[in-house]
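J.: model this:
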Amino acid sequence: MQGHLYIISAPSGTGKTSLVKSLLANTDNLQVSVSHTTRPARDGEVHGVNYYFVEKAEFETMLAENTFLEHATVFGNYYGTSKTWVDSKLQQGIDIILEIDWQGAEKVRQLMPEAISIFILPPSKQALSERLYGRGKDSAEVIQRRLQAAIDEMRHCHEFDYLVVNDDFNQALQELQTIIHCQRLKQSVQQSNLSKLLQGLLSD
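T.: Residues are numbered from 1 along each chain as shown. Here you go, the predicted structure:
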């Protein structure tokens, strides 16, 4: 059985990280893609769990070999999603989540049009602003830049297959679970899962 590839995108402050964490804890046979990066590991991060930490030369070799589904440069460091890793997990029947922005999502859809894309929205601009200010991590100027970036990103939500509004956390989580369960009940998937049952039911 082939696994499904899910793309989940959302602007900063929408609660995507918390939703994905709960989704993983409450859904079997589901993993988040582990990206490659050239940035140093932070305290508590584990190679192969949080990221694959590689040298810049190795990353650039992988780039030249078209290893990545998508990649980006952030603050001078490379980040990329290995197509080989994703394909391997999908062939094992494991569903994979890619947490990437709309630009990365566009690149992945071009290479893997069967991917299922989900965009998470805040319930309002005010709620998004309150969440960003509530973190207490950034200055007002930085938060305003984040809000503008969020608006720019949300303009691409129509490019995704599903939209989920994170107003009530439990409801948003349930909607994400519903999307995954519906994909697993598709005829093409069940045809393989239920082959013995169907053989018995349809035999003369």
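
J.: can you count the residues close to Val164?
T.: 23 (other C-beta atoms under 10 Å). C-beta: built from backbone N, CA, C; applies to glycine.

J.: The particular helix or strand that has it in it: what's the following helix or strand?
T.: Counting by DSSP states H and E, the element that carries Val164 is strand 162-165. Using DSSP H and E, the next helix or strand after strand 162-165 towards the C-terminus is helix 169-184.

J.: which residues touch that following helix?
T.: With C-beta atoms under 8 Å, 6 or more residues apart in numbering as the test, helix 169-184 has contacts from 4, 6, 15, 18-19, 22-23, 26-27, 30, 95, 116, 118, 120, 162, 164-166, 189.

J.: what mean pLDDT does it have?
T.: Computed over helix 169-184, the mean pLDDT rounds to 96.

J.: Distance from the chain centre to the helix or strand where Glu60 lies, please.
T.: For Glu60, the host element (DSSP H and E) is helix 56-64. Centre-to-centre, helix 56-64 and its host chain are 23 Å apart (C-alpha atoms, centre = their mean, to the nearest Å).

J.: Start the count at 40 instead of 1 going forward.
T.: Fine by me, first position is 40 from now on; the one you just mentioned is helix 95-103.

J.: Using PDB, write out the CA atom coordinates for it.
T.: These are the backbone C-alpha positions of helix 95-103, laid out as PDB (Å, rounded to 0.1, in the frame of the first residue of the first chain):
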ATOM      1  CA  LYS A  95      27.200  23.000   3.000                       C
ATOM      2  CA  ALA A  96      29.300  21.000   0.400                       C
ATOM      3  CA  GLU A  97      27.200  17.900   1.000                       C
ATOM      4  CA  PHE A  98      24.000  19.900   0.600                       C
ATOM      5  CA  GLU A  99      25.200  21.500  -2.600                       C
ATOM      6  CA  THR A 100      26.100  18.100  -4.000                       C
ATOM      7  CA  MET A 101      22.600  16.900  -3.200                       C
ATOM      8  CA  LEU A 102      21.200  20.000  -5.000                       C
ATOM      9  CA  ALA A 103      23.300  19.300  -8.100                       C
END
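
J.: list the buried ones in that helix?
T.: Going by neighbour count (16 or more other C-beta atoms under 10 Å), the buried part of helix 95-103 is Phe98, Met101.
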